[in-house]
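[1] Okay, here's the prediction I keep looking at, along with the sequence it came from:
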2 protein chains.
Amino acid sequence: MQRAVTMKDVAQQAGVSVMTVSRAFKQHASVGEETRKRILKIAEDLGYVFDSNAATFRSQRTGFVAVAIPSINNANFADTVGAMSEVLKEADLQVLLGYSNYDIQEEEVIVEQFLRRRPEAIVLTGGRHTERTRRLLDRANIPVIETWDLPEDPIGHVVGFSNAATMHDLVGHLVASGRTRIAFIGGDTDGDTRGADRRRGFIRAMEDRSLAADRLIGAGDPPISMREGADAMSRLLENHPDTQAVICVSDLSAFGALTECARKGVKVPDDVAVAGFGAYDISSICVPTLTTVNPRPEEIGRKTGELIRRLLRGEGTGDSALVQIGIEPELSIGESSA
Amino acid sequence: MQRAVTMKDVAQQAGVSVMTVSRAFKQHASVGEETRKRILKIAEDLGYVFDSNAATFRSQRTGFVAVAIPSINNANFADTVGAMSEVLKEADLQVLLGYSNYDIQEEEVIVEQFLRRRPEAIVLTGGRHTERTRRLLDRANIPVIETWDLPEDPIGHVVGFSNAATMHDLVGHLVASGRTRIAFIGGDTDGDTRGADRRRGFIRAMEDRSLAADRLIGAGDPPISMREGADAMSRLLENHPDTQAVICVSDLSAFGALTECARKGVKVPDDVAVAGFGAYDISSICVPTLTTVNPRPEEIGRKTGELIRRLLRGEGTGDSALVQIGIEPELSIGESSA
DNA sequence: ACAAGTTATGTTATCGATAACATAACAAAA
DNA sequence: TTTTGTTATGTTATCGATAACATAACTTGT
């Protein structure tokens, strides 16, 4: 394994100083047009590849934004990250992604791993974190943005919505169509804090209308799959055959519930209405189409990215200037609750 | 913004040298148990966070494996990356992810970005790349692994399968059940090279049986969504109403096709059989369940991770030791082609 | 009790780029 | 012509950890 080519080699070959080579690689540095072209040509010929690690180390600017999401395999979070990346790319910022697997202990681990790499900002999904996570982030001295939630006691900035509140409108819609015996299918545990918030919101929305929130079906550990949604629906149909509507913690479980109905010959929405959450692609194309809530993941991503750019440009620092950006989820009525 | 805490500060506070602090943070370094505990305690109290950039820079060991996938929002690739991450984590290797958006030009850009960060190995999805990508990787002097394909002229190691060959079994299965007028729904362009390979494989498989491969329905730019699958199915039913079976480039488009059949009152599998690719969750739960091909994404990820670990341990270097690992995709017969 | 081996710690040089400052060469303004 | 300003380039110190080597302190075997 031969020694790697460095700027020094390029500089020697080009008969200039290392600093001039360094400048040739920057957009806005003052280098003669001829010289720059010559240097870049020599660099390419020598097979030189810029060393970000060295540059990062010296300049103490990593160009990283760290983003923690619960799972890689979730279209909602993928959309948020995608939109955020687009916005950040224009400011020469790269996204460093990590997965917490719906577990705030694992989140603590990845947050610490993130901080070791000195990101310029850090984005979390959700508003519940371990004490140590909070402490680490408080000390890190970089912008922190919590997303997909409206935490009561935020660490820093927030771009999100109230998961609980979305259930109010949804329950309202179902009740307006004459359905009062409504069930909720969600995770057994509170690992998915947004899912747990939705369950809480469901219970409150029912109680506000003096309806019994006694049909809570646990479907396993988050995230709830299509299969688990189907299994939960099966149990619901067995134990509470007079149920008129069911709200599922996500579109995936809602679709699973739909398939169970199809297999059992239960008619949706005539026998039972079904609603999901997330406005996944499947919700608008399955038969019947799903009533769902669109939390507008791309908007969360875009606004988070824009906020980070503002913050890194130095606008609005200090605790006094914490930003709260509310996203308005949108109720999308499908054939499954017509 | 106060100056960040460094090892020097911790060392001073603990009354030891910086080197001892450095050792206290390593697993296998020789430090007194007492001393290590004391140092870690002081570090935590001071709010010290290890600086990976500095460590990486000095040791010239980044601990990164760069992985390029076409899209973040694809369960198959997510599964591969997930399994790979698990295996690599045990060797203290982190995955740095990049998205090519089904475009080998964009792939070239992210490969160059990757190389700037000096990954210890690089994983690509697919076997078609630009000339410059190949040149960059040849010179990079790190293990290169192409996955999800069996390239004719591989850059380095390979963990994959022949996308074209999978179509042989699938067509065979459909023909065995008496269906000969078979259509293929896939992308219009060759951006998704694996999808294009499947289309080629379909055509060859048909021709091998002296069947006409003249029902090729373009469904837009890759990746093909459920909606595009449904639209393509609509066109297929209109233009070739006597079609007996349709193979879709992925389960998502196949599911879209299923929904279109449901809407049009076309019975699956009695009127037309439908098959997909990928063994996504949806294939085993939708009604009817989908016939599909399981390319075993986790196995690709796991074996790739294990190969990287072997290579980085120094086993089998040199061009003479290029490894080819074949994955056996599995035909999974569902109700949609019974 | 002493050699040889082991464990814990310190010292020095260094990874490859860039910030900060310095200066040469030339152009424009006075 | 001299001053001032601009552009292109060079010089020096440095970011924070760790490899490599050195050594002190302690253990073990004979």
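    It's in. Computed from a prediction, not measured in an experiment: that's the story for all the values here.
[2] buried ones in the helix or strand where residue A:171 lies?
    Using DSSP states H and E, residue A:171 falls within helix A:163-176. For helix A:163-176, a neighbour-count test (16 or more other CB atoms under 10 Å in any protein chain shown) marks A:163-164, A:166-168, A:170-171, A:173-175 as buried. Where you see a C-beta, it was placed from the backbone N, CA and C, and this is true even at glycine.
[3] which residues touch the residue of the stretch 201-338 of chain A found nearest DNA strand D?
    The nearest approach of the stretch 201-338 of chain A to DNA strand D comes at residue A:312, 18.9 Å away (CB to the nearest atom of the strand). Residue A:312 sits next to A:91, A:93, A:120-121, A:143 when contact means CB atoms under 8 Å, 6 or more residues apart in numbering or on different chains.
[4] Next: residue A:298.
    Contact analysis of residue A:298 by CB under 8 Å, 6+ apart lists A:79-80, A:82-83.
[5] go with 6 Å
    A:79, A:83 (CB atoms under 6 Å, 6 or more residues apart in numbering or on different chains).
[6] What's the separation between it and residue B:158?
    36 Å (CB to CB, to the nearest Å).
[7] what does residue A:314 give?
    Residue A:314 sits 48 Å away from residue B:158, going by CB to CB.
[8] Tell me which of those two has more neighbours.
    residue B:158 (23 against 7; other CB atoms under 10 Å in any protein chain shown).
[9] Please tell me I have it right and that one contacts residue B:324.
    Yes. Taking contacts as CB atoms under 6 Å, residue B:158 lies within contact range of residue B:324: 4.8 Å.
[10] what comes into contact with stretch A:26-38?
    Here stretch A:26-38 has contacts from A:23-24, using CB under 6 Å, 6+ apart.
[11] tell me the mean pLDDT for that stretch?
    Stretch A:26-38 shows a mean pLDDT of 85.
[12] and it, does that touch DNA strand D?
    Yes. Stretch A:26-38 lies within reach of DNA strand D by CB under 7 Å from any atom of the strand, at A:29-33, A:35-36.
[13] Pull out the buried residues from that stretch.
    The neighbour-count check on stretch A:26-38 (16+ other CB under 10 Å) flags A:31, A:35-36, A:38 as buried.
[14] one step back: could I get the average pLDDT for the helix holding residue A:171?
    Rounded mean pLDDT across helix A:163-176 is 96.
[15] Tell me which other helices or strands it touches.
    helix A:193-208 (3 or more CB pairs under 6 Å, 6 or more residues apart in numbering or on different chains; DSSP states H and E).
[16] The next helix or strand after the helix it packs on: partners in the sheet, and parallel or antiparallel?
    On the C-terminal side of helix A:193-208, the closest following helix or strand by DSSP H and E is strand A:216-218. Strands that pair with strand A:216-218, judged by DSSP bridges, come out as strand A:182-186 (parallel).
[17] how distant is the partner strand from the center of its chain?
    In this view, strand A:182-186 has its centroid 24 Å away from the chain centroid, taken as CA atoms, centre = their mean, to the nearest Å.
[18] end to end, how far does stretch A:17-36 reach?
    12 Å (CA to CA, to the nearest Å).
[19] chain center to that stretch, what's the gap?
    With CA atoms, centre = their mean, you get 39 Å for stretch A:17-36.
[20] Over to stretch A:234-247?
    Relative to its chain's centre, stretch A:234-247 lies at 31 Å (CA atoms, centre = their mean).
[21] is it up against chain B anywhere?
    No. On the criterion CB under 6 Å from any CB of the partner chain, stretch A:234-247 is out of touch with chain B, staying 12.2 Å away.
[22] Now do that stretch, average pLDDT.
    Average pLDDT, stretch A:234-247: 97.
[23] how about it: buried residues?
    By neighbour count on 16+ other CB under 10 Å, the buried set for stretch A:234-247 is A:234, A:236-237, A:243-247.
[24] Show only the entries of those residues found in helices.
    With helices taken from DSSP state H, the overlap with those comprises A:234, A:236-237.
[25] could I get these as TSV with distance to residue B:14?
    Below are these laid out as TSV (distance: CB to CB, whole Å):
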residue	distance to residue B:14
A:234	60
A:236	59
A:237	64
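[26] just those now: which is nearest chain B?
    Nearest to chain B out of these is residue A:234 (CB to the nearest CB; 12.2 Å).
[27] Quick check: the gap between that closest one and residue A:228.
    Residue A:234 is 11 Å from residue A:228, by CB to CB.
[28] and for those two, which residues touch both?
    Jointly contacting residue A:234 and residue A:228 under the rule CB under 6 Å, 6+ apart is no residue at all.
[29] Surely residue A:187 and residue A:195 touch.
    Yes. Assessed by CB under 6 Å, residue A:187 is found in contact with residue A:195 at 5.1 Å.
[30] Could you list the low-confidence segments of chain A?
    Counting by pLDDT under 70, the ranges of chain A that qualify are A:1-3, A:315-320.
[31] Run through the strands of it in chain order.
    For chain A, the strands defined by DSSP state E cover A:64-69, A:94-99, A:121-125, A:144-147, A:157-160, A:182-186, A:216-218, A:245-248, A:273-275, A:292-294, A:324-326, A:330-332.
[32] Give the pairing partners of the fifth one; include direction for each.
    Applying DSSP bridges to the sheet, strand A:157-160 is found paired with strand A:144-147 (parallel), strand A:324-326 (parallel).
[33] so which of those strands gets nearest residue A:211?
    Proximity to residue A:211 (CB to CB) singles out strand A:324-326 among the strands paired with strand A:157-160, at 27.7 Å.
[34] Grab the nearest non-local neighbour of residue A:23.
    In space, and not counting its chain neighbours, residue A:23 is closest to residue A:29: 3.7 Å by CB to CB, 6 or more residues apart in numbering or on different chains.
[35] dump the residue contacts of residue A:115.
    Taking CB under 6 Å, 6+ apart, we find residue A:115 in contact with A:140, B:49.
[36] And residue A:85, how far from residue B:270?
    Residue A:85 sits 45 Å away from residue B:270, going by CB to CB.
[37] Could I get the buried residue list for stretch A:147-160?
    A:147-151, A:154-160.
[38] From one end of it to the other, what's the distance?
    This stretch, stretch A:147-160, spans 5 Å end to end (CA to CA).
[39] centre of the chain versus it, how much separation?
    The answer for stretch A:147-160 is 13 Å, by CA atoms, centre = their mean.
[40] interface residues of chain A facing DNA strand C?
    Contact residues (CB under 7 Å from any atom of the strand) of chain A with DNA strand C: A:3-4, A:6-8, A:18-19, A:22, A:25-26, A:50-51, A:54-55, A:57-59, A:61.
[41] Quick one: buried ones out of the residues you listed?
    A:6-7, A:22, A:25, A:50-51, A:54-55, A:57.
[42] what's the most distant pair in those?
    The span of these, defined through CB to CB, is set by A:25 and A:57 at 15.8 Å.
[43] Now the terminal residues of stretch A:309-329, how far apart.
    24 Å.
[44] In terms of packing, which of residue A:85 and residue B:270 has more residues around it?
    residue A:85 (19 against 8).
[45] For the nearest residue in space to that one that is not next to it in sequence, name its beta-bridge partners.
    Nearest non-adjacent residue to residue A:85, counting by CB to CB, 6+ apart: residue A:95, 4.9 Å away. Beta-bridge partners recorded for residue A:95 (DSSP bridges): residue A:65.
[46] what about residue A:95, how many neighbours?
    Using other CB under 10 Å, residue A:95 has 22 neighbouring residues.
[47] Can you verify my assumption that it contacts residue A:67?
    Yes. Residue A:95 is within contact range of residue A:67, at 5.4 Å (criterion: CB under 6 Å).
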